[in-house]
Structures are given as structure tokens and as C-alpha cells.
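Peer 1: no FASTA, just this:
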């Protein structure tokens, strides 16, 4: 997916305090010169400087942060490194800034297991509004239109879900195979997506939203390529 990214302008503001993001990714470049963005919501295309982003860092950690104006408001970086270039990782992010427990305001799950060890942890203030679900531009596979290939995600993505105003457990999107013990994909999860929610890359490389919400994306750059390499068939 390097040098290829998708984008969509969001016109209606949703719940910026609570959302779930789920995606299956293969990180084919476990070490790189810079961060590789899974998604970013920002207003840089209109001259602003605010954004919320999820990425794989240059050292292959998973990182989420909210940035406004001149600084990072909050940040979560895993101690765990996603360095297996041949394996699929299932990532779930819970954002719940209204939660009274500071360490429960952002949660990461990888392959169904909650991450508890972080090299960096700066929690959002209570009721902080992320820029996800603001009326900004939402990118998949990069940070902004102007960042270029250095920030583009290197790898493969499958079954991307974004659900506004909902916190869904990883078991909604995946389950453990009773015979092999492997964490497998749930291809048809029961999810309420909300106004700006979406379900991308269900079975193909279409730009269409499979959630039924009609929140289709457009191609920002590059070419989407369908591959038979997927979470159920490595």
C-alpha cells in the first residue's frame, strides 16, 4: 500500500469522545525511516494544524496521538513492536475520553489481547474531543495530502471498521480458533457504525463503504491492489 492512500471529507461532526477503530494489517516494512500512518483525521488541507493519528512508528511500535496547534495533547506508544513482516496483526483502538479512569480513555488491543505496557503514555484529559469525527478530512494509509510516501503505510490492510459512539470488544471483530488457537477474523460482525462510520476492504480493493452508511472514500494517490494474502489466507 506504499504511496497509495484514501481520503474522505467528513461534513457532519459525530461523537469525538467515543469511538472504535478495528483493522487487520500486515506490516511489510518493520523498520523504516519514519512513521507509517494507518489513519489520520486532520484539517491541514484547509490550513489548520490539528489532527488525530494512528501509526506504526519507525521502530515498529503502535502509536496514537492527538495534536493541536503547537503540541501533542496526548499520546500512547506500545512497548511491543510489530516486527513480523509475514504475519497479520489485528488492531483495535478504543477511544473513550469521557471515562473517569484516565488509563481507560485510550485502549489498544492486538490480536484480541489488551496492551498494558507502553513506552509513552499521556492520557487525554477527561472529555477531550479528538479530531476523529470532527468535520475534517479522514485519511487511510497516510497523514495528509502533502506528506508524501515517507508517511504512507507500507503493507496490506483488510477489514477496516470505524464505529462512532460505540466501544466494541475485539471479540466482535475476531475470535480464537478452537482447533489451532489462532486469532481469526470475523467476516460479518454485528456493528452499529454511526453517521461517519465505515467498513472498508471487506473482500476486495473497492473504495466503497461496506457498512451500508454510504461513506465511500476516494483515491488520494497510487493504485489499490487486491491480493489473496489476507488474514484467513496468509
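Peer 2: Now that the structure is in, tell me what you want to look at. Only a predicted model underlies this, so the values are computations on that prediction, with no experimental measurement involved.
Peer 1: helices of the protein, residue ranges please.
Peer 2: 170-173 (DSSP state H).
Peer 1: most remote residue from the middle of it, which is it?
Peer 2: Among residues of the chain, the one most distant from the C-alpha centroid is residue 179; the distance is 29.4 Å, by CA atoms, centre = their mean.
Peer 1: residues contacting residue 190?
Peer 2: By CB atoms under 8 Å, 6 or more residues apart in numbering, residue 190 lies in contact with residue 172. C-betas here are computed from N, CA, C, even on glycine.
Peer 1: again, only this time at 10 Å
Peer 2: 168, 172 (CB atoms under 10 Å, 6 or more residues apart in numbering).
Peer 1: state the distance from it to residue 163.
Peer 2: Counting by CB to CB, to the nearest Å, the separation of residue 190 from residue 163 is 11 Å.
Peer 1: overlap in contacts of the two?
Peer 2: residue 172.
Peer 1: isn't residue 52 up against residue 68?
Peer 2: Yes - Residue 52 is in contact with residue 68 according to CB atoms under 10 Å; the separation is 9.5 Å.
Peer 1: and for these two, which residues touch both?
Peer 2: Contact criterion CB under 10 Å, 6+ apart; residues bridging residue 52 and residue 68 by contacting each: 129, 131.
Peer 1: looking at the two, which one has more neighbours?
Peer 2: Neighbour totals were compared for residue 52 and residue 68, and residue 52 leads with 26 against 15 (other CB atoms under 10 Å).
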